[in-house]
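Visitor: predicted coordinates and the sequence they were generated for:
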Amino acid sequence: MQKLNLPEYSFRYRINNEKQHVFDFIRKKYVMLTPEEWVRQNFLAWLVNNKHYPAGLIAVEKELKLNELKKRCDIVVYNNCHSPVLLIECKAPGVEITQKVFDQAARYNIVLKVNHLIVTNGMEHYCCFIDFEKETHFFMDEIPDYEKF
């Protein structure tokens with residue numbers, strides 16, 4: 001898989017039906033290794049190992065209902081009170097981060113109403129803070145450590 005703009009981590013792999021799978025330490029199961037999954041697994045490892053996010057407060061492919069449609073958020077992080085505080089949308093490294101990607105995350109956030117959105121393709125990472133009271137948002141210089149929540 002492609003080198004990402006993240007530290008390198010060790011993962012467990014296996015071949016199933018001639019396809020490579022990676023062990024997702026959050027979901028505790030092997031999942032097919034696609035370029036988007038590669039980004040997701042590396043970003044999860046970075047959050048837990050470098051930003052001190054508790055693995056037990058992270059959900060992967062969290063299902064939500066948006067206007068009668070079932071959708072899945074790539075990553076949702078919760079605080080100690082089990083309220084969602086961060087939504088992360090992952091794309092494959094070859095996918096450009098555009099307004100369309102931010103719009104997708106914003107649609108999911110209609111349901112979750114978190115203050116922090118992150119979009120990443122493994123090469124570029126953007127973190128946006130949303131102030132619902134003032135109806136504004138701004139891009140942060142860096143992704144906050146978990147203690148900031």
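Guide: Alright, I've got the coordinates. Numbering: from 1, shown residues only.
Visitor: flag the shaky bits of this protein, pLDDT-wise.
Guide: Of all residues in the chain, none has pLDDT under 70.
Visitor: show me where it has helices.
Guide: 35-50, 99-112 (DSSP state H).
Visitor: would you tell me which of these gets closest to residue 70?
Guide: Of all the helices of the chain, helix 99-112 sits nearest to residue 70, with 11.2 Å by Cβ to Cβ. The C-beta positions use only the backbone N, C-alpha and C, and glycine is treated the same way.
Visitor: helices or strands up against the closest one?
Guide: strand 58-66, strand 69-78, strand 84-90, strand 116-120, strand 125-131 (3 or more Cβ pairs under 8 Å, 6 or more residues apart in numbering; DSSP states H and E).
Visitor: quick one: residue 45 and residue 53, what's the gap?
Guide: Distance, residue 45 to residue 53, using Cβ to Cβ, to the nearest Å: 10 Å.
Visitor: could you check which of those two has the larger neighbour count?
Guide: Between residue 45 and residue 53, counting by other Cβ atoms under 10 Å, residue 53 is the more crowded of the two (23 against 19).
Visitor: contacting residues around that one?
Guide: 47, 77, 146 (Cβ atoms under 8 Å, 6 or more residues apart in numbering).
Visitor: contacting residues for the first one?
Guide: Taking Cβ under 8 Å, 6+ apart, we find residue 47 in contact with 53, 58, 75, 77, 146.
Visitor: out of these, which is nearest to residue 134?
Guide: Nearest to residue 134 among those: residue 77, at 22.9 Å, using Cβ to Cβ.
Visitor: chain neighbours aside, what residue packs nearest to that closest one?
Guide: Among residues not flanking residue 77 along the chain, residue 86 sits closest, at 3.9 Å (Cβ to Cβ, 6 or more residues apart in numbering).
Visitor: the residue nearest the centre of the chain pairs with what?
Guide: The centroid of the chain falls nearest to residue 88 when counting by Cα atoms, centre = their mean (3.2 Å). Beta-bridge partners for residue 88, by DSSP bridges, are residue 75, residue 118.
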